[in-house]
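J.: What follows is a predicted structure for the sequence shown.
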Amino acid sequence: MVKIYLTIPTQFDNNSSSVTGRGGAGFLSRSFSSAIVDLLGIMETYNVNRLATILRQFQTLETAMAMTAMASISRRGFDVPLPGELFERFRLECEDALHQCAEISTINCQPLIESMADQMRNSGSLTTGMAQMAIRQFITGIHTELAKWEFVRVAPRMGQYFEQDTLFGKEVYEYFPRSRQDVRDAGSCLAVALPTASVFHCMRVAEYGLRTLARKLKIVLTHKGSVQPIEYADWDKVITGIKNEITRVRTLPHGPKRQSQLEAYSDVADHCLFMKDIWRNTASHTRSRCSDTEALAALERVRDFMGFLAKHRKFR
């Protein structure tokens, strides 16, 4: 199923009063400013069928007026007042459209219809050509309003990554609260085909994990002979400190505790090597872009890394 990511035009915000539909701007913002919906959901919430009906009715009426105008010009050489039957039909269509617009929260089409109706009421001698032009302007106005709404297509298999709070699992969500927004953004960027941005957020998530791990292992880092807080050290230094601790554990006397630590630490070393590759490749190749495949691989590896840390949160 094709999924669509919706963006709300700037004039439609929660404080706007320009939308008079049943849901209003607040309804739209709450529902779709940050959501994925399928095409059926768009049709139902935006009342696409109702809007299409209005446009179809006026297009049919415009065609009838065009034929009448052409016949009149052919016979008399000039346009004539709108015949009574078409005038009444025009009036009824405007009234019906105004009523239906109250049910359409997608666009603010009521002013467009009122403008068209005003031309009908205020013109002493509304010709067929004038009425046809009014309808054409209305249809063009609707098309202009619709063009303000933008949609980003999300491939069916990628919808699962969009705005998922627990994309990396419930344990990661609970144990690394500061990483929640970046986890969510990493998945959302991947879903909307922004792989490089996704890797950026994955790096931020991994950084939370690496620094947490370094603190758990009581890594001591130095800079120019002074102790350096883990928060201010770069990735390479943090990863090197973790690897040095793994090397130290391997020198401990044999025993159950050493064996248990080595089994866990071997996984840490593997993860850290991959994290270092991500850090080095991204830092050294800022002019290149990541592919979707690379971004997905980074996300899955960081997810495994963070899941490992959450599972072994009582490290040591």
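T.: Right, received. Where do you want to start?

J.: Outline the domain layout of this protein.
T.: In terms of domains, the chain is parsed into 3-150, 161-311 (source: automatic domain parsing).

J.: Lowest mean pLDDT across these, which one is that?
T.: Ranked on mean pLDDT, the bottom entry among the domains of the chain is domain 3-150, at a mean of 69.

J.: all helices for the stretch 101-250 of the chain, in order.
T.: With DSSP state H, counting those that start in this stretch as the criterion, the stretch 101-250 of the chain has helices at 110-122, 128-146, 170-175, 180-191, 195-216, 235-250.

J.: which one of the ones you listed lies closest to residue 293?
T.: helix 195-216 (8.3 Å; CB to CB). Backbone N, C-alpha and C define where each C-beta goes, glycine included.

J.: Next, the buried residues of that closest one.
T.: Residues of helix 195-216 classed as buried under the neighbour-count rule (16 or more other CB atoms under 10 Å) are 195, 197-214.

J.: Also stretch 87-96?
T.: Buried residues in stretch 87-96, defined by neighbour count with 16+ other CB under 10 Å: 89-90, 93-94.

J.: need these in a markdown table with distance to residue 140, can you?
T.: Converted to a markdown table, the buried residues of stretch 87-96 look like this (distance: CB to CB, whole Å):
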| residue | distance to residue 140 |
| --- | --- |
| 89 | 21 |
| 90 | 17 |
| 93 | 17 |
| 94 | 16 |
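
J.: which two in the residues you listed are spaced the farthest apart?
T.: 89 and 94 (9.8 Å).

J.: ok so, going back, let me have the buried residues of stretch 87-96 in a markdown table, extended by distance to residue 309 and secondary structure.
T.: Putting these into a markdown table (distance: CB to CB, whole Å; DSSP: H, G, I helix; E, B strand; the rest coil) gives the following:
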| residue | distance to residue 309 | secondary structure |
| --- | --- | --- |
| 89 | 71 | helix |
| 90 | 70 | helix |
| 93 | 65 | helix |
| 94 | 65 | helix |
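
J.: Now do the contacts for residue 117.
T.: Contacts of residue 117 were listed using CB atoms under 8 Å, 6 or more residues apart in numbering, and they are 91, 94-95, 98.

J.: Now, those residues that are in helices?
T.: 91, 94-95, 98 (DSSP state H).

J.: which SSE is residue 43 in?
T.: helix 39-45 (DSSP states H and E).

J.: Next secondary structure after that helix?
T.: Sequence order places helix 48-76 as the next helix or strand after helix 39-45, per DSSP H and E.

J.: Tell me which other helices or strands that following helix touches.
T.: If you count contacts as 3 or more CB pairs under 8 Å, 6 or more residues apart in numbering; DSSP states H and E, helix 48-76 packs onto helix 84-101, helix 128-146.

J.: what's the distance between the residue nearest to residue 185 when sequence neighbours are not counted and residue 81?
T.: Counting by CB to CB, 6 or more residues apart in numbering, the nearest residue to residue 185 once its immediate chain neighbours are dropped is residue 201, at 4.5 Å. To residue 81, residue 201 is 65 Å away according to CB to CB, to the nearest Å.

J.: Ok, residue 299 next?
T.: The gap separating residue 299 from residue 81 is 68 Å, by CB to CB.

J.: neighbour-wise, which of the two wins?
T.: Ranked by neighbour count (other CB atoms under 10 Å), residue 299 and residue 81 place residue 299 first, with 24 against 16.

J.: so the more buried one makes contact with residue 202?
T.: Yes: proximity of residue 299 to residue 202 meets the contact threshold set by CB atoms under 8 Å, at 5.4 Å.

J.: shared neighbours, these two?
T.: Joint contacts of residue 299 and residue 202 (CB under 8 Å, 6+ apart) are residue 186.
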